[in-house]
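**Q** this one's structure only:
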């Protein structure tokens, strides 16, 4: 075979699962989007279209719904159940990655819930290779904004630099954070929810408390605080778009603007990405 | 002129305004998107490109930021201030429409805030014609879901009907609601916020409390409840997509599904739209 | 009934229909999104949840697919077939609106096609009230850009005006155009495709040929040209966002910028909307 | 430092650059979105907010516009010029990644152009580490659809499998393809455009010509054909969502459906990803 397959995987994306807990009159509601990706000995389907080893993506979808019948638990545990199943039950499959995003709803009645369109997501990704599972969790689309306590100055200026220094700006971002769990907990259920809440709380507190000289500094502070809050976390990966807010020039109209009126920018935006690790450098 | 202009307007859309209140150490934050649309004697620019009467859309944008300098108040009052200005100060302009959407942020510190991407919007539209202002307010992208107490049966069946009747389904929607205020309040500020909160609360309560035989019935119940809650409202316009949730067939796998596992649908979706009025039919 | 229903309608939105013509080895492909909206005597479902007169939106969807079995023809004719059916065959329904968007694919083989994600849409809306059908057609998401022959000056300046006059700018827009057909053609099929092509061609030619002193002037020119090209059109409605392109200031870097380097803006954008009619003013 | 930075980078995303060539009356138009990402010795800004080594993302944006003054050429060459500059001219920076997406416009006049909203993108990513540049190019949002010559059967069935086998289905996908160039060409300009056109042409031909037993087989065929068409390409990475088209069941209405009427699905979708390499396995 002159042209060989390199890394590859296949699965079902965007599986929209809603589960209702009806054990009591006060119903529970879970709202997940699940993505599966399987890999293994799949040369035959690529080279000749022989699908003998291919578990259809439609089956993967069915499996997600079937496994939800008896409860979901934390998304980390549900993802791992699925990943283990796909590898253990499918001869050609040697590794599975299951990603889940969860939308939180707010209760307004015994069987009634509300949320805004979009919103913050709780996320997880579990990779199982037949031996062990690696679990990473996080948040996405979590917007944070500080109205002050943010500077940006002392930076390198070259011939293309026109940005003025500032000692007071709005700092706003849309957090994508992912943290790896180094150890598998004894009681998956309780652990994952507690760890998530601790990590998310640390994230918010770090953002609110840090007097920021750069978004990079805030990034490190957020990572450090999560690591301190959750001993099981080995590293934190952060992607922080800098959602620029431009102080609008009102002097042209005979008005001052002491940091009160801003134009929220859209494109382009800064993007600060980095990993913070427990280990010393 | 053989080809005449019919109705027309022009303005600036997507003006992203963020305002910080810094009067105390506990900052305030407002996050608005403003759209302006002016109309009047604008034949010259259409027929010959004579822009003598045209206030640039860039100026309209500048005006929004300048007017925000001294505070915004309820979005209804801010929209009216702007609409009156555009008509009163611009000779060729005889009518102005100002639409505003507001994103609510949640406080997490004295100068720190959070929200999820997207989210529910509070909206207003004010139209001023040189004499009086008409104000409509509402919500958009407000998701609501009931896990039970929703039926759909007894409907008309023709040769293309395959939908089974159901006496227990998930009812989910993304509310766009607009209500007209019939009277101008004496104290705009306090009134509009109170009225909005009362209307929104009535909307949620109606959705949660109504045992629904059709989404149309829920629509009427929501409109009726808002009208009862806010005497100043004359009519309520509602656009309710029916976000279908399909009970997943688990019997194929030897499992039952007593209303617990659902596939959230995307396209197509039902769309129920209607107006509920105070006046008797 | 103290709280009465005002105008209302219901239907199915986002019905994704793909039809393959397999009569010959050279297959044909049509890709439509259909939206239905029915109105009539629907008080019962709103007031009491009595659905006796309600044809389910699921049935409306089924009907769209069933009617496509024997061919679609121009979207205008397909929309009218559907609208007439919903009114004529459903006792409670007195009016139907059917909207269709069509995605054009480019052939790359006898049974192979390509297009870019998104793309320009051909649109139609047919409203049938039991007696006659009104048909409007148009385009959406059609981007047009002139690199020169666009000025904007001589405009009104007030105390908030800072925009400099310009005698050479990029003019860019994303056209939404809708034109009403005044008369029903004898041969729907051929007429609608011919009229569409003539109108679209006139639109492009008018945009390319007009030396523009304002986007309003371009709007009128486009409307006029469509009216001249298609005698059956009674009026043209246009919505033209002004997609601003800002000449980037390169002088700060010792470079000139004779209209070659631009920053494409996003939010905010101007929005110019207007109707051009055959009748004299 | 107990909590150390791991891999990190920062830059400006979504830089919207439009360039007009005005050398002759027949203007040229280029429409790019540029993303920059720099990495290097950036510990100080992360740990203490010392920005001495930080070239602002605003400066990176300015540089993109300044470099466009004298022409862009193929996006690969433009990305490399930028990447080399950022590393060579900035002391702390040891590596730069520049990604570019290009929108193609269709000429409709000497200075007039059109395209649909969205559309297919030509992409590139250049990574420069101070010594050498690696260049990868590709396409995104390229939709392809075959109306026949696609089967899917003989697959593994477990207890959750309900998918019927099919010997004739629609095969539709939205291609994201990336191919690595192994060698730097002598004449960057002409080479990159020729190679792109050859690769894109091979991609389309492979999709159209392959009788497909699985989307995986099509993926391999596409990769193989690109490798054959462009000797400088070392490997091809493909991400192919399977955009399911469901044959609509018309038998319920007394109609047959010999592969003519389909419901285009949305969520969930299959996702097939893989790399095809020149080297033997």
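**A** It's in. A quick note: this is a predicted structure, and the numbers were derived from the prediction, not measured.

**Q** buried stuff in the worst-scoring helix or strand of chain A on mean pLDDT?
**A** Lowest mean confidence among the helices and strands of chain A (mean pLDDT, DSSP states H and E): helix A:188-209, at a mean of 94. By 16 or more other Cβ atoms under 10 Å in any protein chain shown, the buried positions in helix A:188-209 come out as A:188, A:191-193, A:195-196, A:198-200, A:202-208. For the C-beta atoms, the positions are set from N, CA and C on the backbone; glycine is no exception.

**Q** how about the residues you listed, which pair is most distant?
**A** Pairwise distances across these peak at 30.3 Å for A:188 and A:208 (criterion: Cβ to Cβ).

**Q** For residue A:51, give its distance to residue C:103.
**A** Counting by Cβ to Cβ, to the nearest Å, the separation of residue A:51 from residue C:103 is 31 Å.

**Q** who has more neighbours, those two?
**A** Taking neighbours as other Cβ atoms under 10 Å in any protein chain shown, residue A:51 and residue C:103 compare with residue A:51 leading, 22 against 19.

**Q** What are the phi and psi values at the residue in the stretch 101-250 of chain A that chain D sits nearest to?
**A** In the stretch 101-250 of chain A, the residue that lies nearest chain D is residue A:213 (2.5 Å; Cβ to the nearest Cβ). Main-chain dihedrals, residue A:213, degrees, to the nearest 10: phi -100, psi -10.

**Q** Ok, residue A:93 next?
**A** phi -90, psi 130.

**Q** How many neighbouring residues does it have?
**A** 22.

**Q** wait, isn't it in contact with residue A:40?
**A** Yes - the pair residue A:93 / residue A:40 is scored as a contact, 4.2 Å apart, by Cβ atoms under 8 Å.

**Q** Overlap of the contact sets of the two?
**A** Applying Cβ atoms under 8 Å, 6 or more residues apart in numbering or on different chains, one finds that residue A:93 and residue A:40 are jointly contacted by residue A:53.

**Q** how deep is the residue of the stretch 101-250 of chain A closest to chain D tucked in, by neighbour count?
**A** 19.

**Q** contacting residues around it?
**A** A:151-154, D:45, D:48-51.

**Q** ok, and the most crowded of those residues?
**A** Neighbour tally across these (other Cβ under 10 Å): the maximum, 27 neighbours, falls on residue D:45.

**Q** Could you look up the SS state of it?
**A** helix (DSSP: H, G, I helix; E, B strand; the rest coil).

**Q** Pass me the low-pLDDT residue ranges in the stretch 151-281 of chain A, would you?
**A** Low-confidence segments of the stretch 151-281 of chain A (pLDDT under 70): A:186-188, A:280-281.

**Q** try the stretch 1-150 of chain A
**A** A:1.

**Q** what about residue A:161, how many neighbours?
**A** Counted with other Cβ under 10 Å, residue A:161 comes out at 18.

**Q** mind listing what it touches?
**A** Contacts for residue A:161 (Cβ under 8 Å, 6+ apart) come out as A:155, D:55-56, D:58-59, D:62.

**Q** now swap in residue A:45 and tell me
**A** By Cβ under 8 Å, 6+ apart, the neighbours of residue A:45 are A:51, A:53-54, D:213-214, D:216-217.

**Q** And for residue A:17?
**A** A:30-34, A:64-65, A:68, B:261-264.

**Q** Narrow the residues you listed to those in helices?
**A** A:64-65 (DSSP state H).

**Q** Which two of the contacts of residue A:17 have the greatest separation?
**A** A:33 and B:261, at 14.7 Å, using Cβ to Cβ across those.

**Q** Compare those two (neighbour count), which wins?
**A** Neighbour comparison, residue A:33 and residue B:261: the larger count goes to residue B:261, with 25 against 19 (by other Cβ under 10 Å).

**Q** beta partners of the more buried one?
**A** Note on residue B:261: beta-bridge partners by DSSP bridges are residue A:19.

**Q** Residue A:179 too?
**A** residue A:137, residue A:236.

**Q** since we're on it, how many residues are nearby?
**A** Other residues near residue A:179 come to 27 when the count uses other Cβ under 10 Å.

**Q** which stretches of the stretch 51-200 of chain A form helices?
**A** Using DSSP state H, counting those that start in this stretch, the helices of the stretch 51-200 of chain A run over A:57-67, A:75-89, A:188-209.
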